[in-house]
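Participant: Quick one, what's the 3D model for this:
(one chain, ligands or ions: 3)
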Amino acid sequence: MARYVYDFIEGDRSRADVLGGKGANLAEMTRLGLPVPPGFTVTTDACRAHLATGAPPAGLFEEVNAHLREIEARLDRKLGDPGDPLLLAVRSGGRYSMPGMMETILDIGLNDATVGGLAARSGDERFAWDSYRRLIQMFGHTVHGIPPEEFAHELAAVRATAGPAGPSAGQLRDLVDTYKKIFARHVGHDFPQAPHEQLFLAIRSVFASWNSERARIYRRQERIPDDLGTAVNVMAMVFGNLGPDSGTGVAFTRDPATGAPGVYGDYLADAQGEDVVAGIRNTVPLAELARLDPVSFRRLGEIMATLERHYRDLCDIEFTIERGRLWMLQTRVGKRTAAAAFVIAAQLVDEGVITADEALTRVTGAQLAQLMFPAFDLTGAPEPLAVGVGASPGAAVGRVVFDSAAAAAAATEPVILVRRETNPDDLPGMIAAAGVLTSRGGKTSHAAVVARGMGRTCVCGAEALRIDPERGEVAVGDRVVRAGEVISIDGDTGRIWLGEIPVQPSPVARYLAGELDAEADPLVAAVHRLLGHADAVRKLGVRANADTPRDAARARRLGATGVGLCRTEHMFLGERRSLVERLILADGPAEREAALAALLPSQRADFVGILAAMDGLPVTIRLLDPPLHEFLPPLAELTARVARAEALGEDPGRDGTLLTAVRRMHEANPMLGLRGVRLGLVVPGLFAMQVRAVAEAAAERVRAGGDPRPEIMVPLVGDVRELAAVRDEAERVLAGVDGAPEIPIGTMIEVPRAALTAGEIAAEAHFFSFGTNDLTQTAWAFSRDDVEGSFFGAYLERGIFPVSPFERIDATGVGRLIRLAVVEGRAARPGLTVGVCGEHGGDPDSVAFFAEAGLDYVSCSPYRVPIARLAAGRAAVAPTTGTSDSR
Ligand code: ADP
Ligand code: MG
Ligand code: MG
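Facilitator: Ligands and ions are numbered 1, 2, ... in the order given. I've put the predicted structure just below:
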């Protein structure tokens, strides 16, 4: 029979898929002999079965009961025992961390009978009644969806009438009565008194919380699959709210914002853990615990060291101290900022904990991309309006909004979401906002954790802010900021300014551009070190897409070893547009040749510049690709101009001729029309002129003492005969130019037919370069310009694909065409150089795929070159982790 329940002493961290991350790590800590309250985990299998049928799988509750009895025996305390009741925490926890997205119910087992036993055992009647009211509230909300405000309202009323020491036991008992009435009114029956019934309902509602709206939104954002389900951890309660010698906290083994070594965290005395995460009361820094409870603090330090050594990484920890006794409630390899990821990985190498190869697996291309974002330029900046806690780095400028809906509605304009504290309902707004600002909570508050997870700038705990969402304003001292005013927030230092502060390049970007020394700061040093190692281990070359000498030079500084795609389209625009018009309107070969001859010198000059910037490295120049009519004025505009001229009785002149040409060339599907190689074959002399310009430019560079390495690339080839025809013509031209080096002629593989006949095509091609944008368009029959705006949203929503195939290469479909072409191309021409020059060349996950498919290089936009270098290094050391970059 399938097993659905595992005791903490049975599991370990390798079983996170079945036990969830939280359960697997609770088991791991138990195995390490750390103080974890006893408990067991109901598996994700059970959850999936429950979600599929709407009912728990057969035998589940018998199995739960059997494990519960073991725990009761170990603790010598029983669920529902009125004299000395066992209380339980029922906690969600899926394969991947989804902080605060699913449900947890504490204090299960309290009822009218056991509340007295809890009071007697703890010697604290107020605590017992307070725990009971917490249970009714959490249970009512989680299991039955009762709005928490209904309870909070009553609690606030009682607190208002209570003395400075808080509500009395009697008041809390009355409050429990009120809570029960609220419960019965909403649910239609009384709060369940039977502890086992409470337990089973709690387990089922945790299962159901997997599919709550906020959990689904979070998964989509984090690209976590929807079909994994959550595990449920059932464990004995420990109490941080039993007086001043109790408390609860969250800790990190290194600073999760900067990576600096040392113990970081927040502590809250006399509180339950939920109070910290919710950011409801302000915590004290963990260092304070050294004064409050030196013994527990020292023990916590030892445990943190043990966990770091064991996990060989930054860990975050949730703990509770019950009357001087320390309990571990959770650990995991902690989330961290992009900067901390690099700094910690480099530190761990220095400390001899991990190898340099392993360090590469600890950072991602997406994180490096984040570090290249600009930061505020503070020269001449005004005094900050206020300072909070820098919880998630970045420089965000935007208009103030006070709720999630307003943030989500401001689609085009950057906004800063300003809240007292955030909760999971604020998720859509946090996704939409450029930055998040709160007045309460520390680095471990909901706002901080979620913002860091998604790379959103966040400043939290800015206590000077008096936020009034109802009036749509926030006051600081006597300054009032209204919704819609612009503010700037700095997620590193926590500073907040009124107005827009200009931004400047990040140190990492400056280092990559060669403007900063590698030892400039710990972060730059870490990036330098890890990128250096990536370059040393990667097999994949990284080139850049660059059309100008400036871009080529920039790409080279960023580490590109060549240009993989030099587009020639822009060279036909600007002042040269009139020459192109002449070419199109040419009537007869003489006029056409005159137009081409006029274009030749400027083309040659373009190539000379690029070849000089990439001297000694390959420069792949693509012959003209887009439809010719793109160089002419739009049809509608011309039609209007001609009509106006005719209405005024004037001669439309040149416009008339142009209009005829545009009409003649009009296509219903230009993407599938006269472009690429087709154009070259139809407009005599066009490609020959370009080839001549390349060869003459190369010859000129040779004469100047350079080492030009141009390659000529033919776009949109579908049949070998197209390529052969262009190549014949090109070789005739090349033979007639003196002093040029050998120039290889290759083809793009960007239509399915080219991939499918790659063996034939390779006979005529010196190299292949996959144009994955067009290959994706043509393989899926997706017109990119149309589909992204029209139905991709719905497709993503419905999970047809998790990411747009234009963003991350579709490894199964388009990828299959690529693999096939690589294999058959190389079979026909051993040693064939194969690269990719679509936008996918700069996407870390796609880079991993290209490495695995055996490509020689990727080519991407210059600023993504470092990202591709890192991704290629990662692919070389851990080929199978390729798809996890984004997580
Ligand atoms: P999340 O995944 O949202 O962090 P948790 O399952 O960690 O949810 O539970 C939320 C809070 O409940 C935790 O911060 C923890 O302090 C508290 N908690 C969990 N288990 C126990 C327990 N056994 N005893 C006391 N408090 C607990
Ligand atoms: Mg937790
Ligand atoms: Mg193309």
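
Participant: can you list the residues of the chain near ligand 1?
Facilitator: Neighbours of ligand 1 within the chain, by CB under 6 Å from any ligand atom: 37, 89, 91, 99-100, 104, 106, 235, 237-238, 248, 272-274, 277, 318, 320, 329-330. The way it works is simple: take the backbone N, C-alpha and C, and place the C-beta from them, glycine included.

Participant: For the helix or strand hosting residue 523, name the packing helices and strands.
Facilitator: Following DSSP states H and E, one finds residue 523 within helix 522-537. Counting contacts by 3 or more CB pairs under 8 Å, 6 or more residues apart in numbering; DSSP states H and E, helix 522-537 packs against helix 338-350, helix 356-361, helix 365-371, helix 507-512, helix 865-877.

Participant: between that helix and helix 865-877, how big is the angle?
Facilitator: 60 degrees (axes from the mean of the first three to the mean of the last three CA atoms, to 10 degrees).

Participant: ok, and for helix 522-537, which residues are buried?
Facilitator: Buried residues in helix 522-537, counted by 16 or more other CB atoms under 10 Å: 522-531, 533-534.

Participant: Can you name the residues that contact the closest residue to ligand 2 within the stretch 651-800 of the chain?
Facilitator: In the stretch 651-800 of the chain, the residue that lies nearest ligand 2 is residue 799 (27.2 Å; CB to the ion). Residue 799 makes contact with residue 226, according to CB atoms under 8 Å, 6 or more residues apart in numbering.

Participant: where does the stretch 251-400 of the chain come near ligand 2, residue by residue?
Facilitator: Residues of the stretch 251-400 of the chain lying near ligand 2 by CB under 5 Å from the ion: 318, 330.

Participant: shaky segments in the stretch 251-400 of the chain?
Facilitator: For the stretch 251-400 of the chain, the stretches with pLDDT under 70 are 276-280.

Participant: mind listing the strands in it by residue range?
Facilitator: All strands of the stretch 251-400 of the chain, identified by DSSP state E, counting those that start in this stretch, fall at 261-269, 284-285, 315-322, 325-333, 375-376, 386-387, 389-392, 395-401.

Participant: okay, those in JSON lines with distance to residue 508 and mean neighbour count next?
Facilitator: Below are these laid out as JSON lines (distance: least, CB to CB, whole Å; neighbours: other CB atoms under 10 Å):
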{"stretch": "strand 261-269", "distance to residue 508": "20", "mean neighbour count": "21"}
{"stretch": "strand 284-285", "distance to residue 508": "28", "mean neighbour count": "16"}
{"stretch": "strand 315-322", "distance to residue 508": "25", "mean neighbour count": "24"}
{"stretch": "strand 325-333", "distance to residue 508": "23", "mean neighbour count": "21"}
{"stretch": "strand 375-376", "distance to residue 508": "10", "mean neighbour count": "20"}
{"stretch": "strand 386-387", "distance to residue 508": "24", "mean neighbour count": "20"}
{"stretch": "strand 389-392", "distance to residue 508": "17", "mean neighbour count": "26"}
{"stretch": "strand 395-401", "distance to residue 508": "14", "mean neighbour count": "22"}
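
Participant: need those strands in TSV with distance to residue 787, can you?
Facilitator: Converted to TSV, these look like this (distance: least, CB to CB, whole Å):
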stretch	distance to residue 787
strand 261-269	46
strand 284-285	51
strand 315-322	41
strand 325-333	38
strand 375-376	36
strand 386-387	45
strand 389-392	33
strand 395-401	30
